[in-house]
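K.L.:
structure for this input, please:
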Amino acid sequence: MRASLLLFCLLFSCNHAPAPTPVPPPAPIRQIHIITPTAWWLRIEKDGSATYGHGSDPGPTLSVPPATFDITELAKSLNLRLLDSGNMADHYAVILAHDGETTFKTRFTKDITLISPLFSNARSRRTLTDPAAAKALDDLWSKTPPIEEPSPSPGPDVLFKGQP
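P.N.:
Below is the predicted model:
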């Protein structure tokens, strides 16, 4: 009797937990939107093209040709370094939009080494179809760049000046 019960359990998976439901992979990425604390934004599309500008739409914007960015690899890199909490005053805000999504979560990073090359690449690869927009954005870039290097922290003498 025991042998037949053992055989039955082996054949029909007795005493086994049900197999976990597989988590489907995320839908393909369709757009990455990055906003800096200085109000610059960069919108990268599925085909690797992009648009960037400053302030709210509509304002001067410039386009970047397809294949400038690898959106899939970029999304993977961003996902590894993004935080679920932060604020737009001192973090770079990032939205990763996937195909089929209708709501989006803003995530954050302070990683200049991740964000700075994206804006620099967009600027160097832009198409100059609108000279007025290019001039306006170049002027603004020189006054208020999208990425501001952090100011060095003051030394102990400054931090504790006047303290015993």
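
K.L.:
what about stretch 37-46, how long is it end to end?
P.N.:
This stretch, stretch 37-46, spans 25 Å end to end (C-alpha to C-alpha, to the nearest Å).

K.L.:
what stretches of the chain score poorly on pLDDT?
P.N.:
By pLDDT under 70, the weakly predicted segments of the chain are 1-19, 23-26, 57, 149-164.

K.L.:
show me where it has helices.
P.N.:
Using DSSP state H, the helices of the chain run over residues 2-12, 71-81, 112-125, 131-143, 156-159.

K.L.:
could you dump those into CSV with mean neighbour count added?
P.N.:
C-beta here means a position set from N, CA and C on the backbone, and glycine is covered the same way. CSV is the format used below for the helices of the chain (neighbours: other C-beta atoms under 10 Å):
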stretch, mean neighbour count
helix 2-12, 9
helix 71-81, 15
helix 112-125, 16
helix 131-143, 13
helix 156-159, 8
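
K.L.:
among those, which is nearest G100?
P.N.:
Among the helices of the chain, helix 71-81 comes nearest to G100, with 15.1 Å by C-beta to C-beta.

K.L.:
now the closest one and helix 112-125, what's the angle there?
P.N.:
Counting by axes from the mean of the first three to the mean of the last three C-alpha atoms, to 10 degrees, helix 71-81 points 150 degrees away from the direction of helix 112-125.
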